[in-house]
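next input, structure requested:
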Amino acid sequence: MDEVSRVREKIDIVSFISEYIPLKKAGRNFKCPCPFHNEKSPSFVVSPERQIWHCFGCGKGGDVFTFLMEYENMEFVEALRTLAKKAGIQLSEKGFDPGIASKKDKIYILNRLALEFYHYLLTKHNVGKIALDYLIRERKLSLAVIDTFYLGFSPNVGNALCNFLINKKKYTREDLIDAGLAMYQNGRLVDFFRGRIMFPLFDHRDNVVGFAARVLKSQDIEGSKYINSRETLVYHKGELFFGLNIAKGEIKKIEQAIVVEGELDVISCFMQGITNVVAIKGTALTEKQATLIGRFAPKVSLCLDMDNAGFEATKRSLPILEKAGLTTTVIVLPNGKDPDDAAKEDPIVFKKAVRDDIGIYDFMLSNFLEKFDKGSVDGKKNITDQMLPLILNIQNEIVKEHYIKKLSREIDTSSESLFRQMDKVGKGNKSLTFAAAKKDKRGRKETIEEYLMALIMQSGDTKKYFDKMAQVLEEYEFEEPSYKKIIDKIKDYFIKNETANIENLALALPSELTKTFDIWMLLPLPKFENSDEYEEEIDKMIEQLKNIQDKKSVSEHWKNLP
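As a prediction, the model looks like this:
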């Protein structure tokens with residue numbers, strides 16, 4: 001048995017996936033809403049017998065490796081190492097090409113070395129004394145919190161980090177370029193970050209993926225006030241949050257994530273004991289960030305700057321959070337302050353604002369009512385032009401109706417007229433509505449065939465029901481060619497075996513047929529009260545297919561008459 005198979009055999013897929021998402025028993029299988037696309041009813045199914053998963057909504061599926069790769073955005077070798085460690089299996093690292101995973105590992109190591117280099121210079125070396133004094137005296141940070149977030153300082157020297165990594169740690173110039181830690185300037189290799197306070201960026205698995213960097217207040221340096229690592233194999237700006245590696249435990253515990261704009265906002269909140277806070281890297285949330293934070297909490301509270309840019313960022317984030325199925329609120333800070341200033345100036349008032357968060361649709365409506373004159377025709381039009389596209393995307397129909405009625409009362413307009421106008425908005429702006437789930441375009445015959453085979457394979461007495469189906473439908477022609485091939489293989493299997501072992505049955509199939517077989521094993525079935533009711537359903541489906549076949553035979557007979 002190879003190493004991949006040994007690891008797969010050691011990890012129970014139901015237990016493993018349950019560590020990430022809540023699974024519920026459904027007959028022989030387990031199911032839950034799919035973590036890879038937004039849906040209302042559960043279509044993500046896990047089979048303990050086949051040790052596989054499949055989503056009947058988005059079509060993704062596979063084994064424990066593919067789940068981890070999809071969920072954590074890993075390469076195969078990364079997933080193999082993670083699962084091997086969990087299973088207690090020592091990998092030989094032979095027999096497979098690490099490829100991209102090896103490059104990622106090298107970047108993680110280089111970033112970790114850079115973190116330690118920058119942190120040492122800030123906290124232990126004279127070159128970082130001015131930066132450390134600025135953080136402690138002006139930004140009011142403690143040494144403990146500087147250590148917790150591994151803050152650092154990059155000296156305003158051309159190649160200090162490059163010399164350390166190349167001369168001391170024996171990495172190559174290309175390694176540093178790949179990691180985004182260096183660049184060529186006038187033909188000379190220089191550090192990418194110079195003369196800046198360094199904020200290391202971790203993913204939620206505690207890998208150092210990059211850095212955010214801020215100039216010192218007292219320094220006059222070329223370039224932007226803030227810069228981030230450039231895109232690399234491991235760093236993608238719209239896919240992570242600053243502080244999530246530290247905040248994820250508290251976020252899970254209280255089922256709420258507070259989202260702010262900057263690194264210092266996170267740190268100041270942390271110093272006030274509010275530790276479920278993360279910062280976005282950009283001006284608004286992306287779909288990948290919403291999906292990521294949704295793994296840890298069902299509620300997101302936006303605490304962005306209350307200037308025009310912050311309001312627009314909140315507005316842009318709303319449909320993304322709604323699509324991800326997250327409850328969203330807004331934390332309104334006094335006097336338009338940012339979280340960093342508000343937390344330091346008056347912690348009591350700041351904490352009260354955090355407790356008194358308001359629903360995002362209430363916040364939006366309040367803002368538009370303040371901005372436009374609700375008593376004038378133009379004002380009513382402006383308010384509805386802003387609010388209706390937002391309300392349109394609310395997934396819960398009860399919540400949607402609540403805000404239509406609230407808007408109706410505020411601008412003294414009937415709910416019916418607002419619903420009609422919202423329909424026009426939806427038809428004229430299809431991009432505002434969420435993509436509908438794919439409909440099953442197959443005919444009734446193919447649908448019944450799949451359902452019947454799923455009933456038989458998941459029955460617990462596969463041979464009994466398979467023999468009955470094969471006898472009644474001996475001359476039946478299945479619409480899907482692969483069905484006949486699988487059925488022929490199953491017939492051969494039962495010539496040699498009296499009972500059905502699902503795993504052995506699957507092993508008897510060619511690899512190109514196992515996907516269809518797995519779908520039969522995973523297809524969600526209705527709940528039956530007892531075995532008699534289950535058997536009646538199988539008989540009913542067999543009879544329906546027999547009737548379809550009989551009608552087809554009669555039709556062909558009449559067509560062939562002279």
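
count the residues that sit near Ile320.
For Ile320, the neighbour count with other C-beta atoms under 10 Å is 19. All C-beta atoms are positioned from the backbone trio N, CA, C, and that covers glycine.

ugh, wrong one, Gly375
Each residue near Gly375 was counted by other C-beta under 10 Å, and the total is 9.

and it, that's in a helix?
No: counting by DSSP: H, G, I helix; E, B strand; the rest coil, one finds Gly375 to be coil, located in no helix.

phi, psi of it?
phi -80, psi -10 (degrees, to the nearest 10).

who's in contact with it?
Gly375 sits next to no residue when contact means C-beta atoms under 8 Å, 6 or more residues apart in numbering.

what do you get if the cut-off is 10 Å, keeping everything else the same?
Shown in contact with Gly375 (C-beta atoms under 10 Å, 6 or more residues apart in numbering): 411-412.

count of neighbours near the residue nearest to Leu83 when sequence neighbours are not counted?
Excluding the flanking residues, the one nearest Leu83 by C-beta to C-beta, 6 or more residues apart in numbering is Val7, at 5.0 Å. By other C-beta under 10 Å, the residues close to Val7 number 23.

sticking with Val7, tell me its helix or strand.
helix 3-10 (DSSP states H and E).

now that helix: mean pLDDT?
Averaged over helix 3-10, pLDDT sits at 91.

next, the buried residues of it.
Buried residues in helix 3-10, counted by 16 or more other C-beta atoms under 10 Å: 3-4, 7-8.

who touches that helix?
With contact meaning C-beta under 10 Å, 6+ apart, helix 3-10 is reached by 1-2, 51, 63-65, 76, 79-96.

and the pLDDT at the closest residue to Gly61 other than its chain neighbours?
Using C-beta to C-beta, 6+ apart and skipping the chain neighbours, the partner closest in space to Gly61 is His54 (3.4 Å). Predicted confidence (pLDDT) at His54: the value is 95.

who are the contact partners of Gln386?
Counting by C-beta under 10 Å, 6+ apart, Gln386 makes contact with 315, 364-365, 367-368, 371-372.

do Pro35 as well
Taking C-beta under 10 Å, 6+ apart, we find Pro35 in contact with 17, 20-21, 44, 55, 60, 67, 70-71, 291, 294-295.

what's the answer for Ser15, then?
23, 48, 64.

will you turn these into a markdown table that also has distance to Asn111?
Putting the contacts of Ser15 into a markdown table (distance: C-beta to C-beta, whole Å) gives the following:
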| residue | distance to Asn111 |
| --- | --- |
| Leu23 | 35 |
| Pro48 | 39 |
| Val64 | 28 |
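
closest to Thr462 among these?
Distance to Thr462 across these (C-beta to C-beta) is lowest for Pro48, with 16.0 Å.

neighbours of that closest one, how many?
15.

and for the one 10 residues further on?
Other residues lying near Cys58 total 16 when counted by other C-beta under 10 Å.

assess the claim that it and Pro33 are in contact.
No: counting by C-beta atoms under 10 Å, Cys58 stays clear of Pro33, with 11.2 Å between them.

give the intersection of the neighbour lists for those two.
39, 43-44.

switch those residues over to JSON lines; also include pLDDT.
Listed next are these as JSON lines, based on pLDDT from 0 to 100:
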{"residue": "Glu39", "pLDDT": "79"}
{"residue": "Ser43", "pLDDT": "92"}
{"residue": "Phe44", "pLDDT": "95"}
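
the residues you listed in strands, which ones?
Among these, DSSP state E puts Phe44 in strands.

for the shared contacts of Cys58 and Pro33, which one is nearest Lys551?
The shortest gap between Lys551 and any of those belongs to Ser43, at 32.0 Å (C-beta to C-beta).
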